[in-house]
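Enquirer: model the following, please.
(2 chains)
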Amino acid sequence: DAKTTQPNSMESNEEEPVHLPCNHSTISGTDYIHWYRQLPSQGPEYVIHGLTSNVNNRMASLAIAEDRKSSTLILHRATLRDAAVYYCILSRDSGTYKYIFGTGTRLKVLA
Amino acid sequence: GAVVSQHPSRVICKSGTSVKIECRSLDFQATTMFWYRQFPKQSLMLMATSNEGSKATYEQGVEKDKFLINHASLTLSTLTVTSAHPEDSSFYICSATPGLATGELFFGEGSRLTVL
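Expert: Numbers count the residues shown, from 1 in each chain, chains lettered A, B, ... in the order given. Next up is the predicted model:
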C-alpha cells in the first residue's frame, strides 16, 4: 500500500487559514487521496477526497500537486472545533478499500 | 452521507469475560467492513477485514481466536473480544463501504472497551 507522510503536529490561530501538507511520493495512477479527521473519542470523519484536480467543499479545499506526489488540505478559517488529528490516506481503485492510517497531523487551534 | 453506527459506545467488563461490539451500516449495504483498534495518542491500527458471508481476513499479529469477527448480513458485523484482559482495553472502530469507486469509507463512532 502506498504510504503517506505528514507532520506530527501543527498550530494555527483561530480565524486564520491552515495548510496541512501530505507527501505520497509512491502514489499510483488510480489512487484517490482522502482526508479524514478525528476528534477526541470519536471515529474518523470524512473531510474531502480527490484524484487529480483540486477540490472544494463546505469543509475544506484539497490542492493536489501536478505530479500527485503531494497534496495539501486547506482549512480556510480555522475554528476551535477544527482541532483534531487529520489523516491523509490513499485508496486503491481495486475494490479493497483497505485504509492504512499513518500518524496523521494533530492540529491545535489557538484562540 | 452514509451512516455507520456502533454499539455499545462504552463498555466496562471484568477480566476473563467476553465482549461483543456491533457495527451496523444504517442506510447502505456493506459487503466489506473493517475493524480498527486505537490506543491512546496513537493512530488507528487495522485489525481485520470482514466480508459478508465469509471468514474475516486478519492483519498480521492480530489473534483471530481472540478477536472473533462475524459478518452475517450486509448491514451488520460484530467483533467479539474473547477472554478480555486489561491489555485489550482500547478504542475499537469499525468502518464500512457501499463500494464507491472513489474508495470512500464511512466510520462508526467507536467503542471504548475498559477491562478491569
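Enquirer: for chain B, what are the nearby residues on chain A?
Expert: A:32, A:34, A:36, A:38, A:41-46, A:49, A:51, A:85, A:87, A:91-93, A:95-104 (C-beta under 8 Å from any C-beta of the partner chain). Glycine gets a C-beta too; all of them are placed from N, C-alpha and C.
Enquirer: can you do 7 Å?
Expert: For chain A, the residues in contact with chain B (C-beta under 7 Å from any C-beta of the partner chain) are A:32, A:34, A:41-44, A:46, A:49, A:91, A:93, A:97-104.
Enquirer: so which bits of stretch A:89-108 are buried?
Expert: A:89-91, A:97-102, A:104-107 (16 or more other C-beta atoms under 10 Å in any protein chain shown).
Enquirer: same check, this time on stretch A:18-35
Expert: A:Val18, A:Leu20, A:Cys22, A:Asn23, A:His24, A:Ile27, A:Asp31, A:Tyr32, A:Ile33, A:His34, A:Trp35.
Enquirer: what's the local residue count around the residue lying closest to the second one once chain neighbours are set aside?
Expert: Computed as C-beta to C-beta, 6 or more residues apart in numbering or on different chains, the closest residue to A:Leu20 that is not its neighbour in sequence is A:Leu73, at 4.3 Å. A total of 25 residues lie near A:Leu73 under the criterion other C-beta atoms under 10 Å in any protein chain shown.
Enquirer: A:Leu73: which element?
Expert: Per DSSP states H and E, A:Leu73 falls inside strand A:70-75.
Enquirer: and that strand, average pLDDT?
Expert: Per-residue pLDDT over strand A:70-75 has a mean of 97.
Enquirer: now the following helix or strand past it and strand A:70-75, what's the angle there?
Expert: Downstream of strand A:70-75, the first helix or strand assigned by DSSP H and E is strand A:84-91. Put simply, strand A:84-91 runs at 140 degrees to strand A:70-75, going by axes from the mean of the first three to the mean of the last three C-alpha atoms, to 10 degrees.
Enquirer: check which helices and strands strand A:84-91 sits against.
Expert: Applying 3 or more C-beta pairs under 7 Å, 6 or more residues apart in numbering or on different chains; DSSP states H and E, we find strand A:84-91 packed against strand A:32-38, strand A:105-110.
Enquirer: which residues sit against the helix or strand just after the longest one?
Expert: If you walk from strand A:32-38 toward the C-terminus, the next helix or strand you reach (DSSP H and E) is strand A:45-50. Outside of strand A:45-50, the residues that reach it under the criterion C-beta atoms under 7 Å, 6 or more residues apart in numbering or on different chains are A:32-38, A:55, A:57, A:59-60, A:62, A:64, A:73, B:1, B:102, B:104.
Enquirer: most distant residue from the centre of chain B?
Expert: B:Ala101 (22.8 Å; C-alpha atoms, centre = their mean).
Enquirer: ok, B:Glu109 - how many residues close by?
Expert: Neighbour tally, B:Glu109, other C-beta under 10 Å: 17.
Enquirer: quick check: nearest residue in space to residue 17, chain neighbours excluded?
Expert: Picked chain A for this. Distances taken as C-beta to C-beta, 6+ apart place A:His76 nearest to A:Pro17, at 5.4 Å, with adjacent residues excluded.
Enquirer: that's the wrong chain, I meant chain B
Expert: B:Ala84 (6.0 Å).
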